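Undergrad: Whatever this is, show me its structure:
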Amino acid sequence: MKPRSTSRRRLRGALAIAAHVAVIAGARLGAAAPQRDPAAAEALFVAGREAVERGDYAAACAKFAESDRLDPAPGTLMNLADCEEHIHHPAAAWSRWKEALEQLPPDDPRLPLARERAAAIERRVPRLTLRLATGAAGATVTRDGAEIGPGALGIALPVEPGAHTIVVTAPGREERRTTVTLNEGDAVERTLDAGAKLPEPAGSTAPAASTHGAGRRTLAFVLAGVGAVGVAAGAATGILAIQKRDDLAANCYPANVCNDAGADAANAGHTYATVSTVSFIAGGVALGAAVVLFATSPRSSPARGARAAPPRTTAWLAPSVSPLGGGAMLGGTFE
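TA: This is a model prediction of the structure:
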């Protein structure tokens, strides 16, 4: 490639005019511009040319790139573009040729060469188009570690030849990795799906409906047990009341005249009969409530992977004696 000396003088003149116009317009370009070092840039350019003559294009590319950073010049960009072609980076080479074309003056004799080389290398640049499937909308896409923004999806982007790793990530889903390999001149399109849904974390709280349903069913079983006890108590005291009736018949005479044993049997029989009646009623009510609770409790199960906390249920049964007889008292709480 042609040395950069002649083009550098022309570029400096153009830059001086551009800087003067920017100052008049009030632009503050000086604060944002990188620190320039023309002497170091020239030395690096010479070192890059020497590396090219040795056939060490990798070293030459590094030196040309640093020279252009310290003091940009179209001649440096043209040498860097040629160097990138030699190390099989057509996308980078095409980009450098395009930059050089933008910087070359209209009357520069190197302009036809730059146009020809840019057009030739453009045909060799692979293009990769990435799209997201409908179910992956909102996912993040990266190519070789660099994020591909939503605006770049669906666009044929220039890439270097070789293998490229595509990663799709979305909240609540597994990471999806895809490798796409392109050769020079390829045009490849890929539609990307998000990964499978991640399982629910263990120990998560079950839905409230399931918890309350379990509590209602637990209380239904408790009430069923209490009802069974009440019915059994009613049957037992009923038998005792029948026995006292036999004692009453043996110790009482016509016209309701009873001795002391008969009077005691009469009182005990009345008590047993009352307790039996109350127990049967309480047991029947408890059994009926148990059937209603069990039949109306929700049957939904906890979400997959979740373990519902056991419902807190408290039930109690206590004997009750009053002047009118005896019985059982049922109480309880559940959440």
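Undergrad: Next one, pLDDT for residue 273 please.
TA: Looking at residue 273, its pLDDT stands at 73.
Undergrad: now residue 138
TA: Residue 138 is given a pLDDT of 86.
Undergrad: That one falls within a helix, correct?
TA: No - checked against DSSP: H, G, I helix; E, B strand; the rest coil, residue 138 lies outside a helix; its state is coil.
Undergrad: correct me, but it touches residue 170?
TA: Yes - if you go by C-beta atoms under 8 Å, residue 138 and residue 170 touch, sitting 6.7 Å apart. In short, each C-beta sits where N, CA and C put it, glycine included.
Undergrad: before we move on, which element is residue 77 in?
TA: Element membership for residue 77, per DSSP states H and E: helix 74-86.
Undergrad: Contacts made by that helix with the rest, please.
TA: Residues outside helix 74-86 that contact it (C-beta atoms under 8 Å, 6 or more residues apart in numbering): 1-4, 7-8, 11, 41, 45, 48-49, 52, 57, 60-61, 64-65, 67-68, 90, 92-94, 96-97, 99-100, 103-104, 108, 110, 113-114, 117, 121.
Undergrad: Span of stretch 125-138 from start to end?
TA: 29 Å (C-alpha to C-alpha, to the nearest Å).
Undergrad: Likewise for stretch 171-179?
TA: One end of stretch 171-179 to the other measures 22 Å (C-alpha to C-alpha).
Undergrad: And it, what's buried?
TA: Residues of stretch 171-179 classed as buried: 173, 176 (neighbour count, 16 or more other C-beta atoms under 10 Å).
Undergrad: before we move on, back to that, mean confidence (pLDDT) on the following helix or strand past the helix holding residue 77, please.
TA: In the C-terminal direction, the helix or strand that comes right after helix 74-86 (DSSP H and E) is helix 90-103. The average pLDDT for helix 90-103 rounds to 97.
Undergrad: Kindly report the same for stretch 163-173.
TA: On average, stretch 163-173 scores 94.
Undergrad: Need the residues that contact that stretch.
TA: Contacts of stretch 163-173 (C-beta under 8 Å, 6+ apart): 128, 130, 132, 136, 138-145, 175-182, 190, 192-198.
Undergrad: which of the residues in that stretch are buried?
TA: Of all the residues in stretch 163-173, those buried under the rule 16+ other C-beta under 10 Å are 164, 166-168, 170, 173.
Undergrad: Specify the beta-bridge partners of the nearest residue to residue 156 once chain neighbours are set aside.
TA: Counting by C-beta to C-beta, 6 or more residues apart in numbering, residue 127 is the residue found nearest to residue 156 once chain neighbours are left out, at 4.0 Å. For residue 127, the beta-bridge partners under DSSP bridges are residue 158, residue 187.
Undergrad: Tell me which residues touch residue 127, please.
TA: 156-159, 186-188.
Undergrad: Can you tell me which of those has the most neighbours?
TA: residue 159 (19 neighbours; other C-beta atoms under 10 Å).
Undergrad: Kindly provide the distance from residue 82 to residue 174.
TA: 45 Å (C-beta to C-beta, to the nearest Å).
Undergrad: one step back: pipe the contacts of residue 127 into TSV and attach distance to residue 242 per row.
TA: Formatted as TSV, the contacts of residue 127 follow (distance: C-beta to C-beta, whole Å):
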residue	distance to residue 242
156	99
157	98
158	103
159	99
186	101
187	101
188	96
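Undergrad: Could you look up the next helix or strand downstream of the helix or strand of the chain with the lowest mean pLDDT?
TA: Least confident helix or strand, the chain: helix 5-25 with a mean of 41, by mean pLDDT, DSSP states H and E. Moving toward the C-terminus from helix 5-25, the next helix or strand (DSSP H and E) is helix 38-54.
Undergrad: quick check: angle from that following helix to helix 74-86?
TA: Using axes from the mean of the first three to the mean of the last three C-alpha atoms, to 10 degrees, the inter-axis angle of helix 38-54 relative to helix 74-86 is 30 degrees.
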